[in-house]
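> here you go, sequence then predicted model.
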Amino acid sequence: MNAAHLRRVTPESFAHYRPGLVALLLDAVQDGASVGFMADLGAEEAADWWDGVKAEVKQGNVLLWVVAEEDQVLATVQLALCQKANGLNRAEVQKLLVLSQARRRGLATQLMTAVEQAAQQHQRGLLFLDTLAGSDAEDFYRALGYELSGLLPDYACNPDGEYKATAIYYKLLSRKSA
């Protein structure tokens, strides 16, 4: 088996990764991930959504990474850089997805390390994210040093339409003073 490689996706390289990103999103939703889509998500809708992400990458609002093995995208994550004048110290970790057959290989940890390094390079000292309350993801984020801020009941529904609570996590990388 070839080694998986971490890559930062740019507007120029996006087209190369787009089919794999679409397949990864479809896999995640089919596997029950509550990532903003319903069970009937189709390839066209997934592709359109990724095209929107590409636009955000092009504007510099979002940083995007993939872990790929040959041409197969195995995992991805996004870092949304807050653009508000009073929030330039924060960024949101979004859509950490790992292909169902590629889990437990350390890919998510590799991506989160890249996210934290990039956040520091962009002077973002506070990272935050949300995840399904009670999921294995909570243990993963806590192991990386993220702290639970709180729960929001009935925040979002899973792909099958059942509303679930979300857990909000944060990690302080550095402090900025006003």
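In hand now; what should we look at?

> any idea which helix or strand carries residue 118?
Remark: residue 118 resides in helix 107-121, with elements defined by DSSP states H and E.

> which strands or helices does that helix pack on?
Helices and strands touching helix 107-121, by 3 or more CB pairs under 8 Å, 6 or more residues apart in numbering; DSSP states H and E, are strand 5-9, strand 62-69, strand 72-81, strand 90-98, strand 126-132. Quick note: C-beta positions are derived from backbone N, CA and C, even for glycine.

> now these as JSON lines including distance to residue 111 and mean neighbour count?
Below are these laid out as JSON lines (distance: least, CB to CB, whole Å; neighbours: other CB atoms under 10 Å):
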{"stretch": "strand 5-9", "distance to residue 111": "7", "mean neighbour count": "16"}
{"stretch": "strand 62-69", "distance to residue 111": "6", "mean neighbour count": "22"}
{"stretch": "strand 72-81", "distance to residue 111": "4", "mean neighbour count": "22"}
{"stretch": "strand 90-98", "distance to residue 111": "6", "mean neighbour count": "22"}
{"stretch": "strand 126-132", "distance to residue 111": "12", "mean neighbour count": "20"}
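
> make a markdown table out of those and add mean pLDDT and distance to residue 165.
Shown next, in a markdown table, are the helices and strands packed on helix 107-121 (pLDDT from 0 to 100; distance: least, CB to CB, whole Å):
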| stretch | mean pLDDT | distance to residue 165 |
| --- | --- | --- |
| strand 5-9 | 97 | 31 |
| strand 62-69 | 97 | 26 |
| strand 72-81 | 98 | 22 |
| strand 90-98 | 98 | 18 |
| strand 126-132 | 97 | 8 |
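
> on that earlier part again, any buried residues in the helix holding residue 118, and which?
107-108, 110-112, 114-116, 118-119 (16 or more other CB atoms under 10 Å).

> hmm, back to that, wait, which of the helices and strands packed on helix 107-121 is closest to residue 23?
Closest approach to residue 23 among the helices and strands packed on helix 107-121 (CB to CB): strand 72-81, 6.9 Å.
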